[in-house]
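Novice: Okay, structure incoming, though there's no sequence with it:
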Ligand code: ASP
């Protein structure tokens with residue numbers, strides 16, 4: 001979903017809604033800014049005053065552990081006032097529309113909305129209706145996009161591999177229902193990764209996969225051969241209407257990442273997962289806890305990346 005809503009007339013980031021169509025210079029600006037924030041988290045005093053006096057509303061209509069928490073930590077490290085909307089008791093369950101909810105929160109002097117919603121396009125809709133001084137960050141909309149996850153994954157790859165230009169990257173599993181996979185693909189192709197592969201059974205690939213600029217594989221031995229990065233995806237059971245797979249056990253047998261299958265990749269390949277992991281379904285514990293896994297680094301870097309996004313949006 002390309003969208004000029006995201007950029008101001010002079011090319012600065014106004015909202016972060018999707019990585020699709022976002023220029024490489026903006027992605028690199030976010031990654032470089034995040035690099036400067038990593039050190040902040042390692043200091044005794046973990047905050048900087050860049051968002052002092054600003055109100056950030058975390059509005060999550062769908063469950064989240066890592067994303068919501070790291071957005072909250074990131075906003076607090078920028079010295080913002082953070083409000084977490086309790087979705088369970090929100091008025092949406094009483095029939096209020098999304099835009100009415102947002103209008104009411106805007107009346108409470110919000111400066112930034114971080115929004116997660118089960119419907120694709122929810123953050124775009126909000127961005128189209130907020131006052132000019134308010135910024136919107138998409139924290140995951142349906143199966144469409146999850147731009148800050150894509151960015152923190154790019155940050156992690158750049159950190160461990162030094163860049164993108166010589167890399168072979170495999171994205172494995174439920175690509176069809178994954179907003180993370182889409183954001184990863186847009187991030188990798190925009191930043192110049194020459195070979196992005198998706199590895200999945202036919203039933204878990206989107207119909208438009210041929211337009212995404214990726215190489216398609218159905219077998220792990222072929223798809224993982226000589227890759228530098230293996231990015232695993234969770235089976236998004238909550239988005240599957242009707243069983244598209246024989247069973248979780250069968251999925252594990254063919255596409256679950258085990259030590260044996262990881263041997264097809266380069267010996268120094270890194271293993272990533274956006275979480276939450278389903279051990280024994282898409283990934284074996286020996287790999288998840290093994291020396292090649294950088295899964296917890298992804299979580300830590302997520303704070304710096306979200307700080308970067310919010311501070312750039314706020315004009316700092
Ligand atoms: N946490 C990621 C998301 O919200 C990945 C997942 O749920 O599997 O999309």
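Specialist: Yes, it's here. What you are looking at is a predicted structure, and each value in this text was computed from that prediction instead of being measured. Residues are numbered from 1 along each chain as shown.

Novice: what comes up buried for stretch 53-66?
Specialist: 54-62, 64, 66 (16 or more other CB atoms under 10 Å). No exception for glycine: its C-beta is placed from N, CA and C like everyone else's.

Novice: again with stretch 255-268
Specialist: For stretch 255-268, a neighbour-count test (16+ other CB under 10 Å) marks 255-257, 261-262, 264-266 as buried.

Novice: and if you look at stretch 192-210?
Specialist: By neighbour count with 16+ other CB under 10 Å, stretch 192-210 contains the buried residues 193, 196-201, 204-206, 209.

Novice: how long is it end to end?
Specialist: Its start and end residues considered, stretch 192-210 measures 18 Å (CA to CA, to the nearest Å).

Novice: Residue numbers of the chain in contact with the ligand?
Specialist: 140, 146, 179-180, 234, 274-275 (CB under 6 Å from any ligand atom).

Novice: related to what we said a few turns ago, for my notes, please list the buried residues of stretch 192-210 in JSON lines and give secondary structure for each entry.
Specialist: Compiled in JSON lines, the buried residues of stretch 192-210 are given as follows (DSSP: H, G, I helix; E, B strand; the rest coil):
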{"residue": "193", "secondary structure": "coil"}
{"residue": "196", "secondary structure": "strand"}
{"residue": "197", "secondary structure": "strand"}
{"residue": "198", "secondary structure": "strand"}
{"residue": "199", "secondary structure": "strand"}
{"residue": "200", "secondary structure": "coil"}
{"residue": "201", "secondary structure": "coil"}
{"residue": "204", "secondary structure": "helix"}
{"residue": "205", "secondary structure": "coil"}
{"residue": "206", "secondary structure": "coil"}
{"residue": "209", "secondary structure": "helix"}
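
Novice: May I see the buried residues of stretch 44-51?
Specialist: When burial is assessed from 16+ other CB under 10 Å, stretch 44-51 yields the following buried residues: 48, 50-51.

Novice: OK, now which residue of the stretch 201-316 of the chain is nearest to the ligand?
Specialist: Of all residues in the stretch 201-316 of the chain, residue 234 sits closest to the ligand, at 3.5 Å by CB to the nearest ligand atom.

Novice: Angles on the backbone of that residue, please.
Specialist: Backbone dihedrals for residue 234, given as degrees, to the nearest 10, come out at phi -80, psi 150.

Novice: go on, the one 3 residues further on?
Specialist: Torsion angles at residue 237 (phi, psi; degrees, to the nearest 10) stand at phi -60, psi -30.

Novice: ok, it - how many residues close by?
Specialist: The tally of other residues near residue 237 (other CB atoms under 10 Å) stands at 13.

Novice: mind putting the residues of the chain next to the ligand in TSV, secondary structure included?
Specialist: Converted to TSV, the residues of the chain next to the ligand look like this (three-state DSSP):
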residue	secondary structure
140	strand
146	coil
179	helix
180	helix
234	coil
274	coil
275	coil
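
Novice: Farthest-apart pair in those residues, please.
Specialist: Checking the residues of the chain next to the ligand against each other with CB to CB, the farthest-apart pair comes out as 179 and 275, at 13.6 Å.

Novice: what about those two, which has more around it?
Specialist: Higher neighbour count among residue 179 and residue 275: residue 179, with 23 against 17, using other CB under 10 Å.

Novice: residues in contact with that one?
Specialist: Going by CB atoms under 8 Å, 6 or more residues apart in numbering, residue 179 touches 140-146, 149.

Novice: Tell me which helix or strand the spatially most central residue of the chain sits in.
Specialist: A centroid search over the chain (CA atoms, centre = their mean) returns residue 149, at 1.7 Å, as the residue closest to the centre. Under DSSP states H and E, the secondary-structure element containing residue 149 is helix 147-161.

Novice: tell me how far that helix is from the chain's mean position?
Specialist: Averaging C-alpha positions (CA atoms, centre = their mean, to the nearest Å) puts helix 147-161 9 Å from its chain's average.

Novice: tell me which strands and helices the following helix or strand past it is in contact with?
Specialist: Following helix 147-161 in sequence order, the next helix or strand is strand 168-172 (DSSP H and E). Contact partners of strand 168-172 among helices and strands, from 3 or more CB pairs under 8 Å, 6 or more residues apart in numbering; DSSP states H and E: helix 179-190, strand 195-199, helix 220-223, strand 229-232.

Novice: Low-confidence ranges, the stretch 51-200 of the chain, go.
Specialist: Within the stretch 51-200 of the chain, the stretches falling below the threshold (pLDDT under 70) are 86-91.

Novice: run the last query once more with 90
Specialist: Within the stretch 51-200 of the chain, the stretches falling below the threshold (pLDDT under 90) are 63, 86-96.

Novice: And what about residue 276, helix, strand or coil?
Specialist: coil.

Novice: neighbours around it, how many?
Specialist: Residues near residue 276, counting by other CB under 10 Å, number 10.
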